[in-house]
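Engineer: sequence unknown, structure follows:
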Ligand code: 6PG
């Protein structure tokens, strides 16, 4: 029997789904998990449910057996938990591999780790690529979006297989090489930061409907479902409608009303914010989304705050806001958020010398991933026209912003006047207002800096730097 050339290590939920996807849409593969019981369970389950695919899986009980089961040159996909486990598996694999084998880390790695592993791979001689995979379990099984990073020649060795298993947007595979080293994982982190922001803006509008307008979950679900037929069409709006419609089988209550209001996070959104700070890139909508998740987890503190200070009034006067205004606010907020995300990618591309293919990033996100939406196709077109420009200046988005920013302003002002928290929507609006203010207030900051630290400033009426004010002694 011909040996498979692809192997996959790590049979958790995502690993199992990706293995079946490869078996079904690309080629036979060998699979291995440190705990053999997991491998046995996976094989037994596949034999029972998808016997034709089970035939295409070669299970191995030991790492040595797994490596031996593969034809050379091998390509080994790691689907283990990000962080230490990846380093451990690589360390165990290296002595067993040849110089032309390839290790592919497909987990949610921090791009700094991927950079480090890529550099070590060059030193130690086993090729390595790191790729971001988005789409959850369903995506991994039936077509994720794939963002690759590492030496292009190694990506080219497996790109055919990756394109075969990736999601397709009108037939175009959503799998692209983004650049060297950790470029793929960086793009995936920004994807997740945007994911946090999209989710947060939806949650804020849900809050206005629930606490400001007294809408029931099912009614909110209907509104989201209707929005999903318009400009806001996206996977996240679609599933938010479904979440709002769901009923708890135990109590018969809307599921949303039973779920604790404390959001978890594995931290990829936080990484995006950290990297934006390092690069001095402004992504306030994503920052607000991370802040909101952190604040949500302070359940006891929030309850104490309500006891001590009382809840904000929240209830809106009749007609203060309506569905169309909130939809417009979401449209404007979303464009501003994506403009910031792409600006961060641009800053990183320059700083790390990646030449990130901006239109390709938007194209890869059109299908398979969590932030997939119709608008991403328009973003891909805008970035094709002007890859280095800020999205709000692209004619298509400029029109949408001009149309919908009044709705965003009305939404934020009304919500804040009644104590409804809208940190992400407000961050979008503040960012936009700053970005269209030619004369900002930073002249005051410069005056202060020079006053207490003689840091110097530039003048508007003369060339040169290092001017000082007439402050006298401070
Ligand atoms: C995806 C998701 C996926 C996962 C993240 C985010 O693109 O498929 O982003 O990677 O949902 O782990 O999870 P947290 O919300 O826990 O950070």
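Structural biologist: Here it is on my side, so go on. All figures in this text were calculated on a predicted structure; none of them were measured in a lab.
Engineer: Report pLDDT for the residue nearest to residue 71 when sequence neighbours are not counted.
Structural biologist: Closest residue to residue 71 apart from its sequence neighbours, by Cβ to Cβ, 6 or more residues apart in numbering: residue 3 at 3.9 Å. C-betas here are computed from N, CA, C, even on glycine. pLDDT, residue 3: 97.
Engineer: tell me the contacts of residue 3?
Structural biologist: 30, 58, 69-71 (Cβ atoms under 8 Å, 6 or more residues apart in numbering).
Engineer: Can you classify whichever residue of the stretch 301-450 of the chain sits closest to the ligand by secondary structure?
Structural biologist: Among the residues of the stretch 301-450 of the chain, residue 370 lies closest to the ligand, at 4.4 Å counting by Cβ to the nearest ligand atom. Of the three states, residue 370 takes coil under DSSP: H, G, I helix; E, B strand; the rest coil.
Engineer: Surely it is in contact with residue 136?
Structural biologist: Yes: contact criterion Cβ atoms under 8 Å: residue 370 and residue 136 qualify, at 6.6 Å.
Engineer: Those two: who's more crowded?
Structural biologist: Per other Cβ atoms under 10 Å, whichever of residue 370 and residue 136 has more neighbours is residue 370, with 21 against 16.
Engineer: Now the residue nearest to the residue of the stretch 301-450 of the chain closest to the ligand when sequence neighbours are not counted: which helix or strand?
Structural biologist: Nearest non-adjacent residue to residue 370, counting by Cβ to Cβ, 6+ apart: residue 195, 5.0 Å away. If you go by DSSP states H and E, residue 195 is part of helix 183-207.
Engineer: Can that helix be said to contact the ligand?
Structural biologist: Yes: for helix 183-207, a contact with the ligand is found by Cβ under 6 Å from any ligand atom, at 192, 195.
Engineer: do stretch 268-275 as well
Structural biologist: Yes: Stretch 268-275 lies within reach of the ligand by Cβ under 6 Å from any ligand atom, at 268-269.
Engineer: In this protein, where's the longest helix?
Structural biologist: Counting by DSSP state H, the longest helix found in the chain is helix 323-351.
Engineer: can you tell me the average pLDDT over it?
Structural biologist: Helix 323-351 comes out at a mean pLDDT of 98.
Engineer: can you give me how far that helix is from the chain middle?
Structural biologist: 13 Å (Cα atoms, centre = their mean, to the nearest Å).
Engineer: Also stretch 465-474?
Structural biologist: 45 Å.
Engineer: Show me which residues of that stretch are buried.
Structural biologist: Of the residues in stretch 465-474, none count as buried by neighbour count, 16 or more other Cβ atoms under 10 Å.
Engineer: Can you give the contact residues for that stretch?
Structural biologist: 447, 450-452, 454, 456-459.
Engineer: so which of those residues also contact the ligand?
Structural biologist: Counting by Cβ under 6 Å from any ligand atom, no member of the contacts of stretch 465-474 reaches the ligand.
Engineer: List only buried entries from those.
Structural biologist: Looking at the contacts of stretch 465-474 with 16+ other Cβ under 10 Å, the buried ones turn out to be 450, 457.
Engineer: hang on, residue 449 packs against residue 443?
Structural biologist: No: contact criterion Cβ under 8 Å: residue 449 and residue 443 do not qualify, at 10.7 Å.
Engineer: Could you look up the next helix or strand downstream of the lengthiest strand in the chain?
Structural biologist: Of all segments of type strand in the chain, defined using DSSP state E, the longest is strand 128-134. Per DSSP H and E, the first helix or strand lying C-terminal to strand 128-134 is helix 136-142.
Engineer: mind checking the SS state of residue 81?
Structural biologist: Applying three-state DSSP: residue 81 is coil.
Engineer: distance of the nearest residue to it once chain neighbours are set aside from the ligand?
Structural biologist: Excluding the flanking residues, the one nearest residue 81 by Cβ to Cβ, 6+ apart is residue 107, at 6.7 Å. Computed as Cβ to the nearest ligand atom, to the nearest Å, the residue 107 to the ligand distance reads 9 Å.
Engineer: what's near enough to touch residue 107?
Structural biologist: 10, 78-82, 86, 133.
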